[in-house]
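K.L.:
Below are the sequence and a predicted model; questions follow.
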Amino acid sequence: MIRFEHVTKRYADGTTAVDDLSFEVAEGELVTLVGPSGCGKTTTMKMVNRLIEPTSGRILVEGGDIAEADPVQLRRRIGYVIQQIGLFPHKTVLENTATVPHLLGWQRKKGRDRAAELLELVGLDPSVYGDRYPDQLSGGQRQRVGVARALAADPPVLLMDEPFGAVDPVVREHLQTEFLRLQSQVRKTVLFVTHDIEEAVRLGDRIAVYGSGKIEQFDTPASVLGAPATPYVADFVGADRGLKRLSVTPIEPGDLEQPPVVHLDDPLPKAAARLAADGARWAVVLDDADGLHGWIPADAADGTEGTVRDHARRMEAWLPVGAPLKQAFSQMLQHDAGWVAVLDGERFLGVLTPARLHEALRRSIDADAGGIARGDVDLQTVADV
Ligand SMILES: Nc1ncnc2c1ncn2[C@@H]1O[C@H](COP(=O)(O)OP(=O)(O)OP(=O)(O)O)[C@@H](O)[C@H]1O
(Lines give C-alpha, C1' and ligand atoms only; values in the text may rest on other atoms or scores of the structure.)
Protein backbone atom coordinates (compact mmCIF):
# COMPACT_ATOMS: atom_id res chain seq x y z
CA MET A 1 0.00 0.00 0.00
CA ILE A 2 1.16 3.54 -0.82
CA ARG A 3 -0.53 6.47 0.83
CA PHE A 4 -0.02 10.20 0.22
CA GLU A 5 -1.24 12.52 2.97
CA HIS A 6 -1.34 16.22 2.08
CA VAL A 7 1.96 16.05 0.24
CA THR A 8 3.41 19.25 -1.22
CA LYS A 9 6.69 19.66 -3.07
CA ARG A 10 8.05 23.13 -3.64
CA TYR A 11 11.44 23.34 -5.37
CA ALA A 12 14.10 25.85 -4.30
CA ASP A 13 13.21 28.22 -7.15
CA GLY A 14 9.62 28.44 -5.87
CA THR A 15 8.03 26.02 -8.38
CA THR A 16 5.22 24.10 -6.71
CA ALA A 17 5.44 20.77 -8.51
CA VAL A 18 2.91 18.95 -6.30
CA ASP A 19 0.29 20.72 -4.24
CA ASP A 20 -1.42 19.13 -1.23
CA LEU A 21 -1.75 15.68 -2.74
CA SER A 22 -3.71 12.95 -0.94
CA PHE A 23 -4.46 9.55 -2.42
CA GLU A 24 -3.91 5.87 -1.82
CA VAL A 25 -2.82 2.92 -3.93
CA ALA A 26 -4.28 -0.24 -2.41
CA GLU A 27 -2.26 -3.41 -2.02
CA GLY A 28 -1.96 -5.21 -5.35
CA GLU A 29 -3.47 -2.27 -7.22
CA LEU A 30 -2.00 -0.61 -10.29
CA VAL A 31 -2.57 3.13 -10.40
CA THR A 32 -1.51 5.13 -13.43
CA LEU A 33 -0.56 8.79 -13.07
CA VAL A 34 -1.32 10.54 -16.33
CA GLY A 35 -1.10 14.16 -17.40
CA PRO A 36 0.74 16.59 -19.63
CA SER A 37 4.46 17.30 -19.36
CA GLY A 38 5.48 19.19 -16.24
CA CYS A 39 2.34 18.50 -14.21
CA GLY A 40 4.21 16.77 -11.36
CA LYS A 41 3.96 13.05 -12.12
CA THR A 42 7.66 12.25 -11.84
CA THR A 43 8.02 14.39 -8.74
CA THR A 44 5.17 12.42 -7.15
CA MET A 45 6.82 9.13 -7.97
CA LYS A 46 10.33 10.08 -6.89
CA MET A 47 9.06 11.11 -3.48
CA VAL A 48 8.01 7.51 -2.85
CA ASN A 49 11.56 6.18 -3.01
CA ARG A 50 12.98 9.39 -1.54
CA LEU A 51 14.89 10.51 -4.59
CA ILE A 52 13.00 13.73 -3.86
CA GLU A 53 11.93 14.83 -0.37
CA PRO A 54 8.49 16.43 0.09
CA THR A 55 8.28 19.97 1.48
CA SER A 56 5.36 18.95 3.67
CA GLY A 57 2.97 16.04 4.22
CA ARG A 58 3.56 12.33 4.74
CA ILE A 59 3.99 9.31 2.53
CA LEU A 60 3.35 5.83 3.90
CA VAL A 61 4.56 2.64 2.24
CA GLU A 62 3.23 -0.62 3.66
CA GLY A 63 1.91 1.37 6.59
CA GLY A 64 5.24 2.95 7.59
CA ASP A 65 6.18 6.62 7.22
CA ILE A 66 9.01 6.63 4.68
CA ALA A 67 10.58 9.71 6.27
CA GLU A 68 11.60 7.40 9.10
CA ALA A 69 13.09 4.72 6.83
CA ASP A 70 16.68 4.55 5.71
CA PRO A 71 16.54 5.67 2.03
CA VAL A 72 18.90 2.92 0.83
CA GLN A 73 16.97 0.19 2.64
CA LEU A 74 13.72 1.71 1.40
CA ARG A 75 14.84 1.61 -2.25
CA ARG A 76 15.68 -2.05 -1.98
CA ARG A 77 12.08 -2.72 -1.00
CA ILE A 78 10.75 -0.73 -3.93
CA GLY A 79 11.23 -1.83 -7.53
CA TYR A 80 11.96 1.06 -9.89
CA VAL A 81 11.70 1.02 -13.68
CA ILE A 82 12.43 4.11 -15.74
CA GLN A 83 12.47 4.92 -19.43
CA GLN A 84 16.24 5.02 -19.85
CA ILE A 85 16.49 1.98 -17.70
CA GLY A 86 20.14 2.39 -16.85
CA LEU A 87 21.29 -1.20 -17.17
CA PHE A 88 24.96 -1.59 -16.34
CA PRO A 89 26.62 -1.83 -19.78
CA HIS A 90 29.56 -3.94 -18.59
CA LYS A 91 27.34 -6.49 -16.83
CA THR A 92 25.44 -9.31 -18.51
CA VAL A 93 21.67 -9.46 -18.59
CA LEU A 94 21.67 -12.07 -15.83
CA GLU A 95 24.03 -10.02 -13.63
CA ASN A 96 21.97 -6.88 -14.23
CA THR A 97 18.80 -8.71 -13.23
CA ALA A 98 20.44 -10.05 -10.07
CA THR A 99 21.58 -6.58 -8.96
CA VAL A 100 19.22 -6.10 -6.02
CA PRO A 101 19.42 -9.67 -4.70
CA HIS A 102 23.20 -9.18 -4.83
CA LEU A 103 22.95 -5.89 -2.89
CA LEU A 104 20.69 -7.60 -0.38
CA GLY A 105 23.44 -10.14 0.23
CA TRP A 106 21.71 -13.16 -1.26
CA GLN A 107 23.98 -16.07 -2.09
CA ARG A 108 25.27 -15.79 -5.64
CA LYS A 109 23.52 -18.94 -6.86
CA LYS A 110 20.20 -18.01 -5.28
CA GLY A 111 20.38 -14.54 -6.85
CA ARG A 112 21.23 -15.90 -10.30
CA ASP A 113 18.50 -18.56 -10.11
CA ARG A 114 15.98 -15.92 -9.16
CA ALA A 115 17.21 -13.65 -11.99
CA ALA A 116 16.83 -16.50 -14.51
CA GLU A 117 13.30 -17.15 -13.22
CA LEU A 118 12.39 -13.48 -13.67
CA LEU A 119 13.86 -13.30 -17.17
CA GLU A 120 11.75 -16.28 -18.08
CA LEU A 121 8.71 -14.54 -16.61
CA VAL A 122 9.23 -11.42 -18.76
CA GLY A 123 9.61 -13.56 -21.88
CA LEU A 124 13.41 -13.67 -22.25
CA ASP A 125 14.92 -17.13 -22.35
CA PRO A 126 17.83 -16.90 -19.87
CA SER A 127 19.83 -19.49 -21.81
CA VAL A 128 19.67 -17.26 -24.88
CA TYR A 129 19.82 -13.77 -23.38
CA GLY A 130 21.34 -14.27 -19.93
CA ASP A 131 24.95 -13.92 -21.05
CA ARG A 132 24.40 -11.05 -23.45
CA TYR A 133 25.30 -7.45 -22.68
CA PRO A 134 22.67 -4.70 -22.81
CA ASP A 135 23.90 -3.30 -26.14
CA GLN A 136 23.22 -6.71 -27.69
CA LEU A 137 19.47 -6.35 -27.02
CA SER A 138 16.65 -4.50 -28.75
CA GLY A 139 14.98 -1.57 -27.00
CA GLY A 140 11.97 -3.70 -26.06
CA GLN A 141 14.19 -6.47 -24.67
CA ARG A 142 16.12 -3.94 -22.57
CA GLN A 143 12.84 -2.71 -21.07
CA ARG A 144 11.93 -6.28 -20.22
CA VAL A 145 15.24 -6.68 -18.42
CA GLY A 146 14.43 -3.47 -16.56
CA VAL A 147 11.13 -4.96 -15.37
CA ALA A 148 12.79 -8.27 -14.44
CA ARG A 149 15.48 -6.43 -12.47
CA ALA A 150 12.90 -4.35 -10.60
CA LEU A 151 11.03 -7.51 -9.60
CA ALA A 152 14.03 -9.68 -8.77
CA ALA A 153 14.03 -9.16 -5.01
CA ASP A 154 10.23 -9.52 -4.94
CA PRO A 155 9.51 -6.00 -3.67
CA PRO A 156 5.93 -5.33 -2.58
CA VAL A 157 5.92 -1.98 -4.38
CA LEU A 158 6.86 -1.10 -7.93
CA LEU A 159 7.40 2.40 -9.34
CA MET A 160 7.38 2.70 -13.12
CA ASP A 161 8.16 6.01 -14.82
CA GLU A 162 7.27 5.89 -18.53
CA PRO A 163 8.87 2.43 -18.70
CA PHE A 164 7.67 1.77 -22.24
CA GLY A 165 8.05 5.34 -23.48
CA ALA A 166 11.12 4.82 -25.63
CA VAL A 167 9.96 1.93 -27.80
CA ASP A 168 7.86 1.99 -30.96
CA PRO A 169 4.06 1.63 -30.67
CA VAL A 170 3.93 -2.04 -31.69
CA VAL A 171 6.59 -3.14 -29.20
CA ARG A 172 4.96 -0.90 -26.65
CA GLU A 173 1.64 -2.66 -27.00
CA HIS A 174 3.38 -6.01 -26.64
CA LEU A 175 5.15 -4.88 -23.49
CA GLN A 176 1.89 -3.58 -22.05
CA THR A 177 0.14 -6.89 -22.72
CA GLU A 178 2.99 -8.85 -21.19
CA PHE A 179 3.14 -6.54 -18.22
CA LEU A 180 -0.60 -6.98 -17.57
CA ARG A 181 -0.16 -10.74 -17.67
CA LEU A 182 2.80 -10.50 -15.32
CA GLN A 183 0.96 -8.19 -12.93
CA SER A 184 -1.99 -10.61 -12.80
CA GLN A 185 0.48 -13.18 -11.48
CA VAL A 186 2.64 -11.10 -9.13
CA ARG A 187 0.01 -8.54 -7.97
CA LYS A 188 2.41 -5.79 -6.90
CA THR A 189 1.30 -2.40 -5.65
CA VAL A 190 2.22 -0.29 -8.66
CA LEU A 191 2.48 3.42 -9.34
CA PHE A 192 2.88 3.89 -13.08
CA VAL A 193 3.63 7.26 -14.70
CA THR A 194 2.70 7.93 -18.31
CA HIS A 195 1.65 10.89 -20.43
CA ASP A 196 -0.28 8.57 -22.74
CA ILE A 197 -3.98 8.30 -21.88
CA GLU A 198 -4.35 5.08 -23.91
CA GLU A 199 -1.63 3.45 -21.82
CA ALA A 200 -3.11 4.80 -18.58
CA VAL A 201 -6.53 3.41 -19.45
CA ARG A 202 -5.21 0.06 -20.59
CA LEU A 203 -3.05 -0.65 -17.58
CA GLY A 204 -4.60 1.14 -14.62
CA ASP A 205 -7.02 -0.36 -12.14
CA ARG A 206 -7.51 3.31 -11.37
CA ILE A 207 -6.15 6.44 -13.02
CA ALA A 208 -5.05 9.71 -11.46
CA VAL A 209 -5.45 12.46 -14.06
CA TYR A 210 -3.08 15.30 -13.19
CA GLY A 211 -3.66 18.96 -13.78
CA SER A 212 -0.90 21.29 -12.69
CA GLY A 213 0.43 19.76 -9.44
CA LYS A 214 -3.01 18.41 -8.52
CA ILE A 215 -5.14 15.38 -9.25
CA GLU A 216 -8.21 16.42 -11.22
CA GLN A 217 -9.84 12.99 -11.14
CA PHE A 218 -8.96 9.71 -9.46
CA ASP A 219 -11.17 6.88 -10.63
CA THR A 220 -11.47 3.74 -12.73
CA PRO A 221 -10.62 4.05 -16.43
CA ALA A 222 -14.26 3.49 -17.35
CA SER A 223 -15.43 6.31 -15.08
CA VAL A 224 -12.76 8.75 -16.22
CA LEU A 225 -13.69 8.09 -19.84
CA GLY A 226 -17.43 7.89 -19.27
CA ALA A 227 -17.87 10.70 -16.78
CA PRO A 228 -14.92 13.12 -16.80
CA ALA A 229 -15.04 15.14 -13.58
CA THR A 230 -14.02 18.45 -15.10
CA PRO A 231 -13.78 20.09 -18.55
CA TYR A 232 -9.99 19.77 -18.20
CA VAL A 233 -10.23 15.97 -17.82
CA ALA A 234 -12.72 15.75 -20.71
CA ASP A 235 -10.30 17.66 -22.86
CA PHE A 236 -7.32 15.60 -21.76
CA VAL A 237 -8.94 12.22 -22.36
CA GLY A 238 -10.00 13.39 -25.81
CA ALA A 239 -13.09 13.77 -27.93
CA ASP A 240 -12.93 10.09 -28.85
CA ARG A 241 -13.30 8.98 -25.25
CA GLY A 242 -16.41 6.95 -26.15
CA LEU A 243 -14.24 4.90 -28.46
CA LYS A 244 -11.56 4.51 -25.81
CA ARG A 245 -14.16 3.46 -23.34
CA LEU A 246 -15.06 0.49 -25.52
CA SER A 247 -11.76 -1.06 -24.56
CA VAL A 248 -12.44 -0.91 -20.81
CA THR A 249 -16.13 -1.87 -20.79
CA PRO A 250 -16.72 -5.62 -20.44
CA ILE A 251 -19.57 -7.49 -22.10
CA GLU A 252 -22.20 -8.45 -19.52
CA PRO A 253 -24.86 -11.16 -20.02
CA GLY A 254 -27.59 -8.50 -19.76
CA ASP A 255 -26.23 -6.78 -22.88
CA LEU A 256 -27.03 -9.73 -25.10
CA GLU A 257 -29.80 -10.39 -27.55
CA GLN A 258 -31.47 -13.81 -27.61
CA PRO A 259 -32.05 -14.95 -31.18
CA PRO A 260 -33.85 -18.25 -31.81
CA VAL A 261 -31.65 -21.26 -31.13
CA VAL A 262 -31.75 -24.56 -33.03
CA HIS A 263 -29.61 -27.70 -32.85
CA LEU A 264 -27.58 -29.44 -35.54
CA ASP A 265 -29.78 -32.54 -35.51
CA ASP A 266 -33.12 -30.70 -35.53
CA PRO A 267 -35.26 -31.56 -38.59
CA LEU A 268 -35.57 -28.56 -40.92
CA PRO A 269 -39.36 -28.12 -40.45
CA LYS A 270 -38.86 -27.81 -36.70
CA ALA A 271 -36.14 -25.18 -37.24
CA ALA A 272 -38.30 -23.31 -39.74
CA ALA A 273 -41.21 -23.24 -37.28
CA ARG A 274 -38.90 -21.91 -34.58
CA LEU A 275 -37.69 -19.13 -36.87
CA ALA A 276 -41.20 -18.28 -38.04
CA ALA A 277 -42.46 -18.07 -34.46
CA ASP A 278 -39.90 -15.33 -33.77
CA GLY A 279 -40.14 -13.73 -37.19
CA ALA A 280 -36.35 -14.05 -37.28
CA ARG A 281 -34.15 -14.06 -40.37
CA TRP A 282 -31.60 -16.42 -38.86
CA ALA A 283 -31.06 -18.69 -35.89
CA VAL A 284 -28.03 -19.68 -33.86
CA VAL A 285 -27.02 -23.32 -34.31
CA LEU A 286 -25.70 -25.26 -31.34
CA ASP A 287 -24.11 -28.71 -31.30
CA ASP A 288 -25.16 -31.67 -29.12
CA ALA A 289 -23.25 -30.32 -26.14
CA ASP A 290 -24.92 -26.88 -26.51
CA GLY A 291 -21.63 -25.44 -27.78
CA LEU A 292 -21.68 -22.89 -30.58
CA HIS A 293 -21.59 -24.34 -34.08
CA GLY A 294 -22.80 -21.42 -36.20
CA TRP A 295 -26.01 -20.12 -37.71
CA ILE A 296 -28.67 -20.88 -40.27
CA PRO A 297 -30.53 -18.34 -42.43
CA ALA A 298 -34.33 -18.54 -42.47
CA ASP A 299 -34.56 -19.30 -46.20
CA ALA A 300 -32.19 -22.29 -45.85
CA ALA A 301 -34.32 -23.69 -43.02
CA ASP A 302 -37.35 -23.62 -45.26
CA GLY A 303 -36.77 -27.06 -46.85
CA THR A 304 -38.76 -30.13 -45.91
CA GLU A 305 -35.93 -32.67 -46.05
CA GLY A 306 -32.94 -33.14 -43.86
CA THR A 307 -31.66 -31.51 -40.71
CA VAL A 308 -30.15 -28.23 -39.70
CA ARG A 309 -26.70 -29.82 -40.05
CA ASP A 310 -27.07 -29.87 -43.87
CA HIS A 311 -27.44 -26.11 -44.09
CA ALA A 312 -25.74 -24.72 -41.00
CA ARG A 313 -22.90 -22.28 -41.52
CA ARG A 314 -19.92 -21.97 -39.27
CA MET A 315 -19.60 -18.88 -37.10
CA GLU A 316 -16.09 -17.77 -36.29
CA ALA A 317 -16.98 -14.51 -34.55
CA TRP A 318 -17.34 -15.29 -30.89
CA LEU A 319 -16.05 -13.94 -27.59
CA PRO A 320 -16.03 -14.90 -23.93
CA VAL A 321 -18.38 -12.93 -21.67
CA GLY A 322 -16.37 -10.22 -19.90
CA ALA A 323 -14.29 -9.45 -22.98
CA PRO A 324 -14.14 -5.73 -23.79
CA LEU A 325 -16.78 -4.28 -26.10
CA LYS A 326 -13.98 -3.09 -28.36
CA GLN A 327 -13.03 -6.68 -29.07
CA ALA A 328 -16.63 -7.44 -30.05
CA PHE A 329 -16.61 -4.49 -32.42
CA SER A 330 -13.30 -5.56 -33.86
CA GLN A 331 -14.58 -9.14 -34.38
CA MET A 332 -17.65 -7.83 -36.21
CA LEU A 333 -15.43 -5.87 -38.57
CA GLN A 334 -12.89 -8.65 -39.01
CA HIS A 335 -15.54 -11.26 -39.89
CA ASP A 336 -17.82 -8.79 -41.62
CA ALA A 337 -20.55 -10.08 -39.30
CA GLY A 338 -23.66 -8.29 -38.05
CA TRP A 339 -23.36 -10.02 -34.69
CA VAL A 340 -20.93 -11.95 -32.52
CA ALA A 341 -21.74 -14.87 -30.27
CA VAL A 342 -20.89 -14.58 -26.59
CA LEU A 343 -19.93 -17.66 -24.63
CA ASP A 344 -19.40 -18.52 -20.99
CA GLY A 345 -16.75 -21.23 -21.27
CA GLU A 346 -18.33 -23.48 -23.91
CA ARG A 347 -21.88 -22.40 -23.12
CA PHE A 348 -23.70 -20.08 -25.53
CA LEU A 349 -25.13 -17.02 -23.76
CA GLY A 350 -26.49 -14.83 -26.53
CA VAL A 351 -25.32 -12.48 -29.23
CA LEU A 352 -24.07 -8.94 -29.38
CA THR A 353 -25.24 -6.80 -32.29
CA PRO A 354 -24.04 -3.27 -33.14
CA ALA A 355 -27.25 -1.84 -31.63
CA ARG A 356 -26.77 -3.87 -28.44
CA LEU A 357 -23.14 -2.83 -28.28
CA HIS A 358 -24.15 0.81 -28.45
CA GLU A 359 -26.75 0.28 -25.74
CA ALA A 360 -24.22 -1.49 -23.52
CA LEU A 361 -21.87 1.46 -23.81
CA ARG A 362 -24.64 3.96 -23.07
CA ARG A 363 -25.81 1.90 -20.11
CA SER A 364 -22.34 1.57 -18.67
CA ILE A 365 -21.80 5.34 -18.87
CA ASP A 366 -25.12 6.05 -17.15
CA ALA A 367 -24.43 3.32 -14.58
CA ASP A 368 -21.08 4.87 -13.64
CA ALA A 369 -22.49 8.37 -13.53
CA GLY A 370 -25.39 7.25 -11.31
CA GLY A 371 -23.42 4.74 -9.22
CA ILE A 372 -25.78 1.88 -10.13
CA ALA A 373 -25.49 -1.51 -11.84
CA ARG A 374 -25.59 -1.51 -15.62
CA GLY A 375 -28.65 -3.76 -15.64
CA ASP A 376 -30.61 -1.22 -13.58
CA VAL A 377 -30.16 1.61 -16.06
CA ASP A 378 -33.38 2.64 -17.71
CA LEU A 379 -32.25 3.51 -21.18
CA GLN A 380 -34.35 5.21 -23.77
CA THR A 381 -33.11 4.02 -27.14
CA VAL A 382 -33.91 5.13 -30.64
CA ALA A 383 -35.96 1.97 -31.04
CA ASP A 384 -38.26 3.04 -28.17
CA VAL A 385 -39.00 6.49 -29.57
N1 LIG B 1 14.79 20.23 -9.55
C2 LIG B 1 13.82 21.05 -9.93
N3 LIG B 1 13.86 22.37 -9.64
C4 LIG B 1 12.85 23.18 -9.99
N5 LIG B 1 11.75 22.79 -10.63
C6 LIG B 1 11.64 21.50 -10.94
C7 LIG B 1 12.66 20.56 -10.63
N8 LIG B 1 12.27 19.34 -11.07
C9 LIG B 1 11.06 19.51 -11.63
N10 LIG B 1 10.69 20.81 -11.57
C11 LIG B 1 9.43 21.40 -12.06
O12 LIG B 1 8.35 20.78 -11.38
C13 LIG B 1 7.24 20.60 -12.25
C14 LIG B 1 6.85 19.12 -12.28
O15 LIG B 1 7.90 18.35 -12.85
P16 LIG B 1 7.80 16.78 -13.06
O17 LIG B 1 9.09 16.30 -13.59
O18 LIG B 1 7.30 16.18 -11.81
O19 LIG B 1 6.66 16.70 -14.18
P20 LIG B 1 6.14 15.48 -15.04
O21 LIG B 1 4.67 15.56 -14.97
O22 LIG B 1 6.78 14.23 -14.63
O23 LIG B 1 6.63 15.88 -16.49
P24 LIG B 1 7.18 14.97 -17.70
O25 LIG B 1 6.01 14.20 -18.21
O26 LIG B 1 7.64 16.02 -18.70
O27 LIG B 1 8.28 14.15 -17.18
C28 LIG B 1 7.68 21.14 -13.61
O29 LIG B 1 7.22 22.46 -13.72
C30 LIG B 1 9.19 21.12 -13.52
O31 LIG B 1 9.75 22.12 -14.34
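P.N.:
Here it is on my side, so go on.
K.L.:
give me the number of residues near Gly291?
P.N.:
Neighbour count of Gly291, defined by other Cβ atoms under 10 Å: 12. C-beta: built from backbone N, CA, C; applies to glycine.
K.L.:
do Glu27 as well
P.N.:
Applying other Cβ under 10 Å, we find 12 other residues in the vicinity of Glu27.
K.L.:
list the contacts for it?
P.N.:
1, 156, 189 (Cβ atoms under 8 Å, 6 or more residues apart in numbering).
K.L.:
try Ala312
P.N.:
With the criterion set at Cβ under 8 Å, 6+ apart, Ala312 makes contact with 264, 285, 293-296.
K.L.:
Quick check on the contacts of Glu27: which are buried?
P.N.:
Listed as buried from those are 156, 189; burial here means 16 or more other Cβ atoms under 10 Å.
K.L.:
Save the contacts of Glu27 as TSV, and put in secondary structure too.
P.N.:
Converted to TSV, the contacts of Glu27 look like this (DSSP: H, G, I helix; E, B strand; the rest coil):
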residue	secondary structure
Met1	coil
Pro156	coil
Thr189	strand
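K.L.:
Now for the closest residue to the ligand within the stretch 51-200 of the chain: which residues touch it?
P.N.:
At 4.9 Å from the ligand, His195 is the closest residue in the stretch 51-200 of the chain, using Cβ to the nearest ligand atom. Neighbour list for His195: 34-37, 41, 162 [criterion: Cβ under 8 Å, 6+ apart].
K.L.:
which of these sit farthest apart?
P.N.:
Distance extremes for the contacts of His195: the farthest pair is Pro36 and Glu162 at 13.2 Å, using Cβ to Cβ.
K.L.:
Show me which of these two is the more surrounded one.
P.N.:
Between Pro36 and Glu162, counted using other Cβ under 10 Å, the more crowded position is Glu162 (19 against 11).
K.L.:
Secondary structure element for Val193, which one?
P.N.:
In this structure, Val193 sits in strand 189-194 according to DSSP states H and E.
K.L.:
What residues of that strand count as buried?
P.N.:
189-194.
K.L.:
Repeat that for stretch 90-105.
P.N.:
Buried-residue list, stretch 90-105, by 16+ other Cβ under 10 Å: 92-102.
K.L.:
from these, which two are the most distant?
P.N.:
Thr92 and Val100 (15.6 Å).
K.L.:
you'd agree Gly242 is up against Arg362?
P.N.:
No - judged on Cβ atoms under 8 Å, Gly242 makes no contact with Arg362 at a distance of 9.4 Å.
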